[in-house]
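Chemist: Predicted model, plus sequence, below.
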Amino acid sequence: DAMVIQNPRYQVTQFGKPVTLSCSQTLNHNVMYWYQQKSSQAPKLLFHYYDKDFNNEADTPDNFQSRRPNTSFCFLDIRSPGLGDAAMYLCATSRLPRSAQHFGDGTRLSIL
Amino acid sequence: SQQGEEDPQALSIQEGENATMNCSYKTSINNLQWYRQNSGRGLVHLILIRSNEREKHSGRLRVTLDTSKKSSSLLITASRAADTASYFCATDATLQGAQKLVFGQGTRLTINP
């Protein structure tokens, strides 16, 4: 089945130690998104790619970066994780920016 | 803020009853979407309703849209324990020159057996 896959499901890292979260899709969608979601809150958009066009949200910390080497893969890099970065990170895809989004099951990031 | 607001924040009902959740937003939209999120999982798209549509059905789900009041409602009929989840509305917006969805804070629905 076509889907959005996030690895790993759970990630533990140390304060300040760089971490990379990955997302892959088999839907061949043009748009890929990274969201941060904290407990009982709405998903907060960090950035998205429309094909190769990168869009960074104004309030996304500089600590967060993303790469999309090809249509199928997208990565979220957190250069120096702080305790406040502990959250669920959700990857999503859509055919067009206003279309229905398809989400992966997320990576829950813990910071020690 | 462009963000939608949902009401109520939490809803607890008995299995078999109907559940209604409301969403209000602030600016004009092209479409409004509803998503479900089970605990610890990603969001699942339920329904997309366009601005020129007033009502849409999908199985036990009924969504209405009133663009004059900038509001939408999601009705789940004959609720089941498996419907227990958080439900989010999302409106499309053009912010900082880019089109994107903006999610509301969600309604946490609990279906009691």
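Modeler: That came in fine, so what should we check first?

Chemist: which stretches of chain B form strands?
Modeler: B:5-7, B:10-14, B:19-24, B:31-37, B:43-50, B:55-58, B:61-66, B:71-76, B:85-95, B:98-103, B:107-112 (DSSP state E).

Chemist: Pipe the ones you listed into JSON lines and attach distance to chain A per row.
Modeler: C-beta: built from backbone N, CA, C; applies to glycine. Putting those into JSON lines (distance: least, Cβ to the nearest Cβ, whole Å) gives the following:
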{"stretch": "strand B:5-7", "distance to chain A": "9"}
{"stretch": "strand B:10-14", "distance to chain A": "10"}
{"stretch": "strand B:19-24", "distance to chain A": "12"}
{"stretch": "strand B:31-37", "distance to chain A": "6"}
{"stretch": "strand B:43-50", "distance to chain A": "4"}
{"stretch": "strand B:55-58", "distance to chain A": "12"}
{"stretch": "strand B:61-66", "distance to chain A": "13"}
{"stretch": "strand B:71-76", "distance to chain A": "15"}
{"stretch": "strand B:85-95", "distance to chain A": "4"}
{"stretch": "strand B:98-103", "distance to chain A": "4"}
{"stretch": "strand B:107-112", "distance to chain A": "7"}
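
Chemist: Tabulate those strands (a markdown table), appending mean neighbour count and mean pLDDT.
Modeler: As requested, the strands of chain B are exported to a markdown table (neighbours: other Cβ atoms under 10 Å in any protein chain shown; pLDDT from 0 to 100):
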| stretch | mean neighbour count | mean pLDDT |
| --- | --- | --- |
| strand B:5-7 | 18 | 85 |
| strand B:10-14 | 13 | 97 |
| strand B:19-24 | 20 | 96 |
| strand B:31-37 | 23 | 96 |
| strand B:43-50 | 18 | 97 |
| strand B:55-58 | 12 | 97 |
| strand B:61-66 | 18 | 98 |
| strand B:71-76 | 20 | 98 |
| strand B:85-95 | 22 | 88 |
| strand B:98-103 | 21 | 82 |
| strand B:107-112 | 18 | 96 |
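
Chemist: could I get those as a markdown table with distance to A:Phe15?
Modeler: Formatted as a markdown table, those follow (distance: least, Cβ to Cβ, whole Å):
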| stretch | distance to A:Phe15 |
| --- | --- |
| strand B:5-7 | 34 |
| strand B:10-14 | 33 |
| strand B:19-24 | 38 |
| strand B:31-37 | 28 |
| strand B:43-50 | 29 |
| strand B:55-58 | 45 |
| strand B:61-66 | 43 |
| strand B:71-76 | 40 |
| strand B:85-95 | 29 |
| strand B:98-103 | 29 |
| strand B:107-112 | 31 |
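
Chemist: who in chain A is up against chain B?
Modeler: Listed as neighbours of chain B in chain A under the rule Cβ under 8 Å from any Cβ of the partner chain: A:4, A:6, A:40-43, A:45, A:48, A:50, A:55, A:57-58, A:90, A:92, A:97-106, A:108.

Chemist: Go ahead and build a ChimeraX selection from the buried members of these.
Modeler: To isolate the buried subset of the residues of chain A next to chain B in ChimeraX, counting by 16 or more other Cβ atoms under 10 Å in any protein chain shown, use the following:
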select /A:4,6,42,43,45,48,50,55,57,90,92,97,98,99,100,101,102,103,104,105,106,108
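
Chemist: Sort out for me which of the residues of chain A next to chain B are in strands.
Modeler: A:Val4, A:Gln6, A:Leu45, A:His48, A:Tyr50, A:Asn55, A:Leu90, A:Ala92, A:His102, A:Phe103, A:Arg108.
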